[in-house]
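1. give me a 3D structure for the following:
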Amino acid sequence: MHPQHSWPPPAPPPSHTYATSYPPTYPPPLPPPSHSEKRHKSKSRPHRHEQTHYFPPAPAPPASLPPAPSVPPIPEVPPSAARVRRVLTLLIEDKRDPNGESMLAEVRVPLKPSEAGDGGFWADAQDVSEELQKGPSRIDGSAKVYTQRGKYKQYFLRIPVDGEPVCQPANLKVASDRTIEIVIEDVSHAVPWVVACR
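-> Numbers count the residues shown, from 1 in each chain. Next up is the predicted model:
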């Protein structure tokens, strides 16, 4: 029989101070997707948006309107300055004298070029009459004055017995050399008043 051995009791473990340990912390789990989100993800078809009418906003009015462009005023040109006066030669034949008398007079009147392209001009009968009666070659006594246009006589001036010239505006044909032939006849009776030449 073996002798019994008595072992000393085990020494108590040295005292150690352990730090208090805590379980690791984790973020809270995400909430489960809602029923509508699940259905949204499961469908592969695109969304259909309801059609709505879109009206663009009205443009804002400008703060200030731009100034209107300035137009320079048109200077007023006197009628006498607008028309160029040229020398017109009058070849006058006075038939009041039985022997006839030929005269030449020059007046300055506006001349307008003829549209026929023949180099001639047009003169206003009233301008010619006024300028003729203002000069030394004026017609004295009763008379009626005309110019020949083809086979026609164009009367443009009458001087009655009282000596007051009567005329009216009319186109007188002037040759390319700025001459015109006029004829003076006697007045056998009174003529009605038209326009008094000044």
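
2. for the record, mean pLDDT for the longest helix seen in the chain?
-> Ranked by residue count, the top helix of the chain under DSSP state H comes out as helix 125-134. Average pLDDT, helix 125-134: 94.

3. what are the buried residues along that helix?
-> 125-133 (16 or more other CB atoms under 10 Å). Bear in mind the C-beta positions are built from the backbone N, C-alpha and C, glycine included.

4. which parts of this structure are helices?
-> 35-42, 79-82, 125-134.

5. now do the longest one: which elements does it pack against?
-> For helix 125-134, the elements it packs on are strand 85-94, strand 101-113, strand 152-159, strand 166-167, strand 171-174, judged by 3 or more CB pairs under 8 Å, 6 or more residues apart in numbering; DSSP states H and E.

6. between that helix and strand 101-113, how many degrees?
-> 140 degrees (axes from the mean of the first three to the mean of the last three CA atoms, to 10 degrees).

7. what angle do helix 125-134 and strand 85-94 make?
-> Using the same axes, to 10 degrees: helix 125-134 against strand 85-94 is 70 degrees.

8. model confidence for Val161, exactly?
-> 84.

9. quick one: it from Pro110, how far?
-> Distance, Val161 to Pro110, by CB to CB, to the nearest Å: 31 Å.

10. next, find the distance separating Lys112 from Cys167.
-> 18 Å.

11. the more surrounded of those two?
-> When neighbours are counted by other CB atoms under 10 Å, Lys112 and Cys167 differ, and Cys167 comes out ahead with 25 against 13.

12. so the more buried one sits against Phe156, correct?
-> Yes: with contact defined as CB atoms under 8 Å, Cys167 reaches Phe156; the gap is 6.1 Å.

13. need the residues touching each of those two.
-> 125, 129 (CB atoms under 8 Å, 6 or more residues apart in numbering).

14. where does the protein have low pLDDT?
-> Applying pLDDT under 70 to the chain flags residues 1-56, 61-66, 68-69, 71-83, 189-198.

15. now with 80?
-> Filtered on pLDDT under 80, the chain yields the residue ranges 1-83, 116, 163, 188-198.

16. for Ile159, which residues are in contact?
-> With contacts defined as CB under 8 Å, 6+ apart, Ile159 is in contact with 139, 141-145, 165-166, 187.

17. out of these, what pair is the most spread apart?
-> The most widely separated members of those, counting by CB to CB, are Gly141 and Val166 (14.2 Å).

18. so the two - more neighbours on which side?
-> Ranked by neighbour count (other CB under 10 Å), Gly141 and Val166 place Val166 first, with 17 against 12.

19. doesn't Phe156 make contact with that one?
-> No: applying CB under 8 Å, one finds Val166 not in contact with Phe156, separated by 10.1 Å.

20. ok, the closest residue to Ala175 other than its chain neighbours - contacts?
-> For Ala175, ignoring the flanking residues on the chain, the nearest one in space by CB to CB, 6 or more residues apart in numbering is Gly120 at 5.9 Å. Taking CB under 8 Å, 6+ apart, we find Gly120 in contact with 113-114, 173-176.
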